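Engineer: Could you work out the structure for the sequence below:
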Amino acid sequence: MTVMGIDSSTGGIAWTVVQHGSPYAMGKINTTKLKDITDKLAFGIDHFKDLLQLYKPDIVVVEKSIYVNNRATFRTLSYIVGAIMATAKLEVGADVYDVEPMAWKSLYGYTTMTKKMELLARRTLERTAAAKVCEALKKEQTMRVIKHNFGLWKPEEDTDIWDSTGIALWGWHNYVQRLELQVSKEIAFGDKYDLFR
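Structural biologist: Down below sits the predicted model:
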């Protein structure tokens, strides 16, 4: 089975393909130069369709867009996520799931920023700069954990690509391994397996 993980942003669509439990390919469709949302969607989805046809994922897992501080960004991300989910289903018939950011990150031992870390950043920097430093520290933590746990073959420094890798591996862990376990139980127990459900 092939799993594709997607981390979308207003600047692009980061993607990773996992086969046999390991990252196989990764990259990013960059839309930063496009300002209009319809142009971003058209460009991003057109290239996303090419990736779907190339890799033919069975499962596509997309990070949910969550509202943090900016309504306009949340709205734009919601459009992008919706378009990605519909395209994956319509283009290759993939099973499509979305996942909360903290749900997939918790698989790698990720924790939220501690109050101590936030206070330290806020004491030394302005509020907006402190928020950016905290976000950068979170992204760095995710990259380190995934690099360490999976010894990835391509040292990408784009944090969105690392996030898409974490999402794809989370999808593999949660959907493919669970499905393989179910199939092996059905083979071992046959009709009796229904009694254990």
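
Engineer: Show the contacting residues for the residue nearest to I66 when sequence neighbours are not counted.
Structural biologist: With C-beta to C-beta, 6 or more residues apart in numbering as the measure, P101 is the residue that lies nearest to I66, at 6.6 Å, once sequence neighbours are left out. From N, CA and C alone the C-beta is placed, and that goes for glycine too. Neighbour list for P101: 63-64, 66 [criterion: C-beta atoms under 8 Å, 6 or more residues apart in numbering].

Engineer: which residues of this structure fall in strands?
Structural biologist: Using DSSP state E, the strands of the chain run over residues 2-9, 12-19, 22-30, 59-63, 95-99.

Engineer: and the second one, average pLDDT?
Structural biologist: The average of the pLDDT scores along strand 12-19 is 95.

Engineer: rewinding a little: same list as before, the strands of the chain that is, but in JSON lines and with mean neighbour count and distance to Y79 included.
Structural biologist: Shown next, in JSON lines, are the strands of the chain (neighbours: other C-beta atoms under 10 Å; distance: least, C-beta to C-beta, whole Å):
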{"stretch": "strand 2-9", "mean neighbour count": "26", "distance to Y79": "10"}
{"stretch": "strand 12-19", "mean neighbour count": "25", "distance to Y79": "12"}
{"stretch": "strand 22-30", "mean neighbour count": "18", "distance to Y79": "15"}
{"stretch": "strand 59-63", "mean neighbour count": "26", "distance to Y79": "13"}
{"stretch": "strand 95-99", "mean neighbour count": "18", "distance to Y79": "14"}
